[in-house]
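Novice: would you be able to build a 3D model of this:
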Amino acid sequence: MHTPNLVEARKRTNNKVLIKTDDYKLNDNQKKLGKNKKYFIKTYGCQMNEHDSENISAILSDMGYAKTDILEEADLIILNTCAIRENAHNKVFGLLGRIKHLSYTKNIMVGFGGCMAQEEVIVDEIMKKYKWIDFVFGTHNIVNLPNIIEKAYTNKKQEIEVFSCEGDVIENIPVKRDSKYKAWVNIMYGCDKFCTYCIVPYTRGKQRSRLPKYIIKEVEDLIKNGYQEVTLLGQNVNAYGKDLDIDYNMANLLEDVAKTKINRVRFVTSHPWDFDDNMIDIISKYDNIMPYIHLPLQSGSNKILKLMGRRYTKEKYLNLFDKLKEKIPNVSITTDIIVGFPNETEEDFKDTLDVVDKCKYDGAFTFIFSPRIGTPASKMQDDVSLDIKENRLQKLNELVNKYSKENNDKYLNKIVPVLLEDYSSKKKDYLKGYTDTMKLVNVKADSKYLGKIVNVKITSVKTWSMDGEIVN
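Specialist: Purely as a prediction, here's the structure:
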């Protein structure tokens, strides 16, 4: 049994990151464990978690399991969890209640993974109150999932394997992608920024970049398989390469991926601290690097930014924002903002609204501060009442929605490129997809257009989506 340890998870050493290319292996018994059985995965959180679930799906397929999207059909249920906010935590434990009820009527196996599994308090709670959960695994040991599941089947007792380590890079984990047209591509893992509110450096380990050759090979293979778009993934992609012993950074990688000639290149998530002029020049140089940037602000107050450990000021952020708008034609920019951080005054909040007024973002993910146990911010005196936090969030959302709609209005009657990736969930006989600037568009179109980038005339506009029709 290996349980998480926040003290160990915080450590950063000069130990060399190992690149492992043969760690993923299955024995003959593991290849048959899932025969005539179905698995169900519920994913919470960021794109990194979504991509982890694609790895988990591939591993389970190799073990003989078939995928189901119906919880009640599953013989194996895995929750791939997120530790960023309290809301995600509550949703996970809510679903666990439903699964426990289901287990009374059916013999199922339940696994608990992801970032919540890397938290000491969560695993302690599982060991005390959720002994019926069969196995718990962390973000560092997805590759060992076949062994964990086999032990859980054989030993008939709760298996917990969560490593609180800095982490290595494992290159041979299989992937079963959710889309046939667009793909997540990890370029790095972990984070060393240690923003005071963030649990990610503890749950994901230290920053470690993949070698360029493996990334480029993955993109080239995707092109051969008909993929139109890749999104380069990392907790802080702009810092890519800083941990490598080669003179190679994110600007170099963006250029090399663009040179593969894949139709669309995106990247998330950026930290303003590491966004340099070379990156901006490369984005503006290549047409297949999409003019869309997610640039988290978190707060517009210099006092709060310092308390958050963000390492930039409001003024530096706005300078970067202006450069992006000036140098990248037609760029759309979205952001993340937290309200109600400890010690946030009304004046601090007004500073945030001031930045939103200046930047007029295309969209924003907005949150009330959610303390995470083990982070420095969780020990700060939370002196902002819930009523004030909720009131500030409402004011912020009204402003964000106003500018989102204004930005979308500019698209009315324009013709824009859209990658049609799936059927619309809200409109019958419609397909949905995204513009180069990451605007969601519903298009009345035949299924033959799935997976194609088509020119679409925007016919109507809402705050968060648009409707359109295909034109020649």
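
Novice: the longest helix in this protein is where?
Specialist: Criterion DSSP state H: the longest helix present in the chain is helix 386-409.

Novice: now that helix: buried residues?
Specialist: Lys389, Arg392, Leu393, Leu396, Leu399, Val400, Tyr403, Ser404, Asn407, Asn408 (16 or more other CB atoms under 10 Å). From N, CA and C alone the C-beta is placed, and that goes for glycine too.

Novice: what's the average pLDDT for that helix?
Specialist: The pLDDT scores in helix 386-409 average 98.

Novice: which strands and helices lie in contact with it?
Specialist: strand 332-339, helix 346-359, strand 363-368, strand 453-461 (3 or more CB pairs under 8 Å, 6 or more residues apart in numbering; DSSP states H and E).

Novice: what's the end-to-end length of stretch 350-370?
Specialist: 20 Å (CA to CA, to the nearest Å).

Novice: starting at the chain centroid, how far to that stretch?
Specialist: 20 Å (CA atoms, centre = their mean, to the nearest Å).

Novice: likewise stretch 179-195?
Specialist: 7 Å.

Novice: same check, this time on stretch 339-358
Specialist: 25 Å.

Novice: again, but for stretch 419-436
Specialist: That offset, for stretch 419-436, works out to 21 Å (CA atoms, centre = their mean).

Novice: again, but for stretch 405-425
Specialist: For stretch 405-425, the distance to the chain centre is 23 Å (CA atoms, centre = their mean).

Novice: redo the helices and strands packed on helix 386-409 as JSON lines? Include distance to Tyr434 and mean neighbour count.
Specialist: Listed next are these as JSON lines, based on distance: least, CB to CB, whole Å; neighbours: other CB atoms under 10 Å:
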{"stretch": "strand 332-339", "distance to Tyr434": "11", "mean neighbour count": "22"}
{"stretch": "helix 346-359", "distance to Tyr434": "21", "mean neighbour count": "17"}
{"stretch": "strand 363-368", "distance to Tyr434": "12", "mean neighbour count": "19"}
{"stretch": "strand 453-461", "distance to Tyr434": "10", "mean neighbour count": "17"}
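
Novice: mean pLDDT and distance to Ala58 added to the ones you listed, as JSON lines?
Specialist: JSON lines is the format used below for the helices and strands packed on helix 386-409 (pLDDT from 0 to 100; distance: least, CB to CB, whole Å):
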{"stretch": "strand 332-339", "mean pLDDT": "98", "distance to Ala58": "30"}
{"stretch": "helix 346-359", "mean pLDDT": "98", "distance to Ala58": "40"}
{"stretch": "strand 363-368", "mean pLDDT": "97", "distance to Ala58": "29"}
{"stretch": "strand 453-461", "mean pLDDT": "98", "distance to Ala58": "27"}
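
Novice: distance to Met438 added to those, as TSV?
Specialist: Output for those, formatted as TSV (distance: least, CB to CB, whole Å):
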stretch	distance to Met438
strand 332-339	6
helix 346-359	16
strand 363-368	8
strand 453-461	14
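
Novice: residue boundaries of the helices in the stretch 201-350 of the chain?
Specialist: For the stretch 201-350 of the chain, the helices defined by DSSP state H, counting those that start in this stretch cover 212-224, 250-258, 277-285, 302-308, 314-327, 346-359.

Novice: how about those in TSV, adding distance to Asn27?
Specialist: As requested, these are arranged in TSV below (distance: least, CB to CB, whole Å):
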stretch	distance to Asn27
helix 212-224	26
helix 250-258	36
helix 277-285	45
helix 302-308	47
helix 314-327	51
helix 346-359	54
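
Novice: which among the ones you listed is found nearest to Ile84?
Specialist: Closest approach to Ile84 among those (CB to CB): helix 302-308, 14.2 Å.

Novice: quick one, which of the helices of the stretch 201-350 of the chain is nearest to Glu8?
Specialist: With CB to CB as the measure, helix 302-308 is the member of these nearest Glu8 (24.2 Å).

Novice: for that closest one, packing partners?
Specialist: So helix 302-308, by 3+ CB pairs under 8 Å, 6+ apart, packs with helix 314-327, helix 346-359.

Novice: make JSON lines from these and add distance to Phe365 to it.
Specialist: Putting the helices and strands packed on helix 302-308 into JSON lines (distance: least, CB to CB, whole Å) gives the following:
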{"stretch": "helix 314-327", "distance to Phe365": "16"}
{"stretch": "helix 346-359", "distance to Phe365": "13"}
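
Novice: quick one, which of these is nearest to Tyr202?
Specialist: Using CB to CB, those put helix 314-327 closest to Tyr202, at 25.5 Å.

Novice: what does the closest one rub up against?
Specialist: With CB atoms under 8 Å, 6 or more residues apart in numbering as the test, helix 314-327 has contacts from 272, 275, 277, 280-281, 284, 293, 295, 297, 300-302, 305, 331, 333, 351, 355, 358-359.

Novice: again, 6 Å this time
Specialist: With CB atoms under 6 Å, 6 or more residues apart in numbering as the test, helix 314-327 has contacts from Pro272, Phe275, Ile280, Ser284, Ile293, Gly300, Asn302, Val331, Cys359.

Novice: ok, these vs Ala66, which is closest?
Specialist: Ala66 lies nearest to Ile293 out of the contacts of helix 314-327, by CB to CB, at 39.4 Å.

Novice: contact partners for the closest one?
Specialist: Counted by CB under 6 Å, 6+ apart, Ile293 has contacts Leu324, Ile333.

Novice: so for it, what's the pLDDT?
Specialist: 98.

Novice: what residues are up against the nearest residue in space to Ser53 that is not next to it in sequence?
Specialist: Nearest residue to Ser53, sequence neighbours excluded (CB to CB, 6 or more residues apart in numbering): Thr43, at 4.4 Å. Thr43 sits next to Asn49, Glu50, Ser53, Asn80 when contact means CB under 6 Å, 6+ apart.

Novice: tell me which of these fall in helices.
Specialist: Asn49, Glu50, Ser53.

Novice: before we move on, the earlier item: quick one: closest of the helices and strands packed on helix 302-308 to Val121.
Specialist: Counting by CB to CB, Val121 lies closest to helix 346-359 out of those; the figure is 29.6 Å.
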